[in-house]
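Task: produce atomic coordinates for the following.
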Amino acid sequence: RTLKIFTNLPPCIFTAHGWSFAANVSPLRNFIYLSLERIMSFGTSILITICKSDYNLALQNRLITKKKIRLIHNGMPFLEETKREIKAIDYKYKLISVARFENQKDHKTLVKALSLIKNFSWELFLVGDGPLKKEIEKLVKYYQMEDRIFFLGMRNDISYLLNQSDIFILSSLWEGFPRSILEALRASMPVITSRVGGVEESVINQYNGLIIPVKDEKCMSEGIKELLINPSKCFSFGINGRKMYEEKFVFDLMAEKTSNIYLELIQRQ
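Alright, predicted model coming up:
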C-alpha cells in the first residue's frame, strides 16, 4: 500500500483482520495507529473488512470512502456435520478453548469462572501456546483444578478436538472476527464468548450460544452453568450454529465474493 501511494502500481486490495487502533491500547498508540491507517488509505483501491463492526469503524474513523469498502465475512472449508446428541444429566461436559496464551485472550477470566462452579461436572481443554501459559498453569494450581483443566499445547488436529468436545469458549478482551468461533459452529458446538469485535455476527445470544460481558468471571460461570444444566439447550444451540455456518460462513461463499472484487478491478483497467 505504501508503494501504491508513490508509484503507479496496479490496484491494491487490502483485507483488514481487525483494527489495531480498536484494541486496548494507550491513547498515543491509538492516535498513531489511526493516523497510519488514514495514510495507507491513499494506497488502497479496495478495502475488505471481515465483519460489520470493522466495516463501521472504518467509515466512522474516515479510513476510506464507502465506494471503496466491502464486507466479506471469513469462511471455513466445508466439513461434514458432526453428529451430536442430547447428553444425560450426569454427563461430564468437555469444554474447549483454542487461543494463544496472551493478554488478549484473557484465560484468567475463564479459569476464575470455572473455579466458581467446581461442583458441576466438566473438564476443560486449553489448546495453544504463548508467553502467558506458565502463568495460567500457576492459576489453575492455585484453584486446585489441575485434574480438570488440561493444557494440550499447539495442535494441528483442531477439527478432531472440536468434534470430541461439547462447548466452545472464547474469553477474549478484543477480537476482529474470530475464525475459531466459525470452526466451532462448523462442528455443531454451542459457543460462549465475550462481547468483542464482530462476534455478534456469528453468535446470536440464546440462539447458537451465549455472549458474556468482557472480563466478567461471574457472568461467564453463570453462562457455562446454564448450558451444563440444560442438555437440550446445549444441543439445539449446536444445531443452530451449524445451520448458521452453512448459510453464511462456508469458504466457497467467501472465495466467490473475493473473486468478484478482483474481477471488478480488472474490468476497470
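
For the rest of this, base every contact and every neighbour count on C-alpha atoms.
Fine.

Residue 90 reaches residue 121, doesn't it?
Yes: with contacts counted by C-alpha atoms under 8 Å, residue 90 reaches residue 121, the gap being 7.2 Å.

Those two: which has the busier surroundings?
Shown here are residue 90 and residue 121; by other C-alpha atoms under 10 Å, residue 121 has more neighbours (16 against 10).

got a list of what that one touches?
By C-alpha atoms under 8 Å, 6 or more residues apart in numbering, residue 121 lies in contact with 90-93, 228.

out of those residues, who has the most neighbours?
Within the contacts of residue 121, residue 228 tops the neighbour count with 23 neighbours, counted by other C-alpha under 10 Å.

my guess is that one contacts residue 93, does it?
Yes: if you go by C-alpha under 8 Å, residue 228 and residue 93 touch, sitting 7.2 Å apart.

hmm, back to that, I'd like to know which of the contacts of residue 121 are part of strands.
Residues of the contacts of residue 121 located in strands (DSSP state E): residue 93.

Pick the one among the contacts of residue 121 closest to residue 186.
Within the contacts of residue 121, the smallest distance to residue 186 is 18.8 Å, found for residue 93 (C-alpha to C-alpha).

Okay, and the beta partners of that closest one?
As for beta bridges, residue 93 partners with residue 122 under DSSP bridges.

Quick check: which element contains residue 176?
For residue 176, there is no host helix or strand (DSSP states H and E).

cool, residue 124 as well?
Of the helices and strands defined by DSSP H and E, residue 124 is found in strand 122-127.

Could I get the pLDDT score of residue 38?
Residue 38 is assigned a pLDDT of 93 by the prediction.

Surely it and residue 65 touch.
No: counting by C-alpha under 8 Å, residue 38 does not reach residue 65; the two are 11.0 Å apart.

who has more neighbours, those two?
residue 38 (16 against 12).

Which secondary structure state is assigned to that one?
Here residue 38 is helix, with the state taken from DSSP: H, G, I helix; E, B strand; the rest coil.

Strands along this structure, start to end?
Taking DSSP E, the strands of the chain run over residues 13-16, 46-49, 69-71, 93-98, 122-127, 149-153, 167-170, 191-194, 209-212.

Could you list every helix and strand in contact with the third one?
Using 3 or more C-alpha pairs under 8 Å, 6 or more residues apart in numbering; DSSP states H and E as the contact criterion, the secondary-structure elements in contact with strand 69-71 are strand 46-49, helix 52-60.

if you set the cut-off to 7 Å instead, what comes out?
Packing partners of strand 69-71 (3 or more C-alpha pairs under 7 Å, 6 or more residues apart in numbering; DSSP states H and E): strand 46-49.

Kindly report the same for the second one.
Under the contact criterion of 3+ C-alpha pairs under 7 Å, 6+ apart, the helices and strands touching strand 46-49 comprise strand 13-16, strand 69-71.
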